[in-house]
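Q: here is my input, please return the structure:
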Amino acid sequence: MKQLTNMNVQIVSDKLAGGQAGFNVFQQAIANGAKVLGLATGSTPVTIYEQLVASDLDFSQLTSVNLDEYVGLNADHPQSYHYFMQHHLFNQKPFANSYVPDGSNLDATAATHEYDQIIAENPIDLQLLGLGQNGHIGFNEPGTDPKSTTHKVALTSSTIAANARFFDDADEVPRYAYSMGIGSILQAKQILIVAYGEAKAAAVAAMIQGPVTPDVPASYLQTHPNVHVILDEAAASQLH
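A: This is a model prediction of the structure:
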């Protein structure tokens, strides 16, 4: 494992090996007493969740806190992140408490304040993250205030277009999301960020070896004392 800046960087052969490596991080954190796990959605963490589901780890005394959720989708909507987590993890491995931002609450001030309270009452021991091609983490796009807490985010046109394939009608595609802020994420005691594929290589290099800048939200992870990075060889290809 390479030590680059303050980050432990682990390079694996593929997503399946990444899933095993990510599982090992979760297993060790729980063995060390972690009680609150910060979770993420998207294709990147799926192999980790598969390993967690297949394991004998027991989450029934633990709490999960998710990064984000689309505004305007109920928890039972098949494209909601709440539904994603039920399908990939919670149905098979229930937690004592599982929190996802309330996308059905259209009062952004109330919804984000409520989630900040949840995070304050359940300090995150291990936070799992994916990495966007532009360096975003959660829905924190370039330019986001590094001290930000949970907030309402206007989705980029590219994100809206990419999501359109999941909906029968383009008008149904969410335009906004609630997301933990960069400041919220950096409060976690340990952070695990995972990236696969050549399309992520430039963002990976900027995150680890570039300047700390709002232009690359993930670069703020350089300021955190306990970050574990899992990459496949393609995602690591621009590191030097």
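
Q: okay, CA-based contacts and neighbour counts for the rest of this
A: Fine.

Q: elements contacting the helix or strand harbouring Ile230?
A: Of the helices and strands defined by DSSP states H and E, Ile230 is found in strand 227-232. With contacts defined as 3 or more Cα pairs under 8 Å, 6 or more residues apart in numbering; DSSP states H and E, strand 227-232 has these neighbours: strand 7-12, helix 15-31, strand 190-195.

Q: lowest average confidence, helix or strand, in the chain?
A: For the chain, scoring each helix and strand by mean pLDDT, DSSP states H and E identifies strand 2-4 as the least confident one, at a mean of 49.

Q: in the strand holding Ile230, what's buried?
A: Residues of strand 227-232 classed as buried: 227-232 (neighbour count, 16 or more other Cα atoms under 10 Å).

Q: before we move on, the earlier item: I'd like the helices and strands packed on strand 227-232 as CSV, with mean pLDDT and distance to Gly132 appended.
A: Output for those, formatted as CSV (pLDDT from 0 to 100; distance: least, Cα to Cα, whole Å):
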stretch, mean pLDDT, distance to Gly132
strand 7-12, 96, 17
helix 15-31, 98, 16
strand 190-195, 98, 9
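
Q: pLDDT value on the nearest residue to Asp68 once chain neighbours are set aside, please?
A: Distance criterion Cα to Cα, 6 or more residues apart in numbering; nearest residue to Asp68, sequence neighbours excluded, is Ser179 at 4.3 Å. The pLDDT attached to Ser179 in the predicted structure is 98.

Q: number of residues surrounding Ser179?
A: The local packing count at Ser179 equals 27, with neighbours defined by other Cα atoms under 10 Å.

Q: what about it, distance to His113?
A: 12 Å (Cα to Cα, to the nearest Å).

Q: now do the shared contacts for those two.
A: Contact criterion Cα atoms under 8 Å, 6 or more residues apart in numbering; residues bridging Ser179 and His113 by contacting each: Thr150.

Q: before we move on, the earlier item: any idea which of the helices and strands packed on strand 227-232 is most buried?
A: Highest mean neighbour count among those (mean count of other Cα atoms under 10 Å): strand 190-195, with a mean of 24.

Q: helix or strand right after it?
A: With elements assigned by DSSP H and E, the helix or strand that comes after strand 190-195 is helix 201-209.

Q: that following helix - what's its average pLDDT?
A: Taken as a whole, helix 201-209 has a mean pLDDT of 97.

Q: what separates it from the chain centre, distance-wise?
A: 17 Å (Cα atoms, centre = their mean, to the nearest Å).

Q: okay, that helix in CSV with CA atoms only?
A: Below are the C-alpha coordinates for helix 201-209, written out as CSV (Å, rounded to 0.1, in the frame of the first residue of the first chain):
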residue,chain,number,x,y,z
ALA,A,201,-7.9,8.8,-13.5
ALA,A,202,-7.6,12.6,-13.9
ALA,A,203,-9.9,13.2,-10.9
VAL,A,204,-7.9,10.6,-8.8
ALA,A,205,-4.6,12.4,-9.6
ALA,A,206,-6.1,15.8,-8.8
MET,A,207,-7.6,14.5,-5.5
ILE,A,208,-4.3,12.9,-4.3
GLN,A,209,-1.5,14.9,-5.9
